[in-house]
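Test case, fold it:
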Amino acid sequence: MMRESVLHDLTRKGYHLVSYHLVSVSQPDLCSNEPTRVLVRQMMGAFFQYEKSMSVAKLRGARERIKTKHGHREGRKPFGHIW
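This next block holds a predicted model:
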């Protein structure tokens, strides 16, 4: 809903937005308020959010595994410490 609100406000102020994730040659006006297009934009936003959350979880798990196996591996290295 937030994405649709921002899209509506920017369009109302005269900005022309192009969605690079949903480019269609046959139907170029992706920012229209047609209910089907709104649904597709919202679904794609949900899929992208899910994909981001999964990537964050995988990276967090990998960092935790490395930390338990090798000790602290993130952040600034102590002066004179050699890996």
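
Can you tell me which helix or strand of the chain has the lowest average pLDDT?
The helix or strand of the chain with the lowest confidence, counting by mean pLDDT, DSSP states H and E, is helix 2-12 at a mean of 75.

What is the helix or strand following that helix packed up against?
As assigned by DSSP states H and E, the chain's next helix or strand after helix 2-12 is helix 35-70. Applying 3 or more Cβ pairs under 8 Å, 6 or more residues apart in numbering; DSSP states H and E, we find helix 35-70 packed against helix 2-12. Placement of C-beta: from N, CA and C, glycine included.

Would you mark the buried spots in the helix it packs on?
Leu7 (16 or more other Cβ atoms under 10 Å).

what is the orientation angle of that helix with helix 35-70?
Angle, helix 2-12 to helix 35-70, by axes from the mean of the first three to the mean of the last three Cα atoms, to 10 degrees: 130 degrees.

quick check, distance from helix 2-12 to the centre of its chain.
17 Å (Cα atoms, centre = their mean, to the nearest Å).

Export it to PDB, keeping only CA atoms.
In PDB, the C-alpha atoms belonging to helix 2-12 read as follows (Å, rounded to 0.1, in the frame of the first residue of the first chain):
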ATOM      1  CA  MET A   2       2.900   2.300   0.800                       C
ATOM      2  CA  ARG A   3       4.400   1.700  -2.700                       C
ATOM      3  CA  GLU A   4       1.100   2.500  -4.400                       C
ATOM      4  CA  SER A   5       0.700   5.700  -2.300                       C
ATOM      5  CA  VAL A   6       4.300   6.900  -3.300                       C
ATOM      6  CA  LEU A   7       3.600   6.000  -6.900                       C
ATOM      7  CA  HIS A   8       0.400   7.900  -6.900                       C
ATOM      8  CA  ASP A   9       2.000  11.000  -5.300                       C
ATOM      9  CA  LEU A  10       4.900  11.100  -7.700                       C
ATOM     10  CA  THR A  11       2.600  10.600 -10.700                       C
ATOM     11  CA  ARG A  12       0.400  13.400  -9.400                       C
END
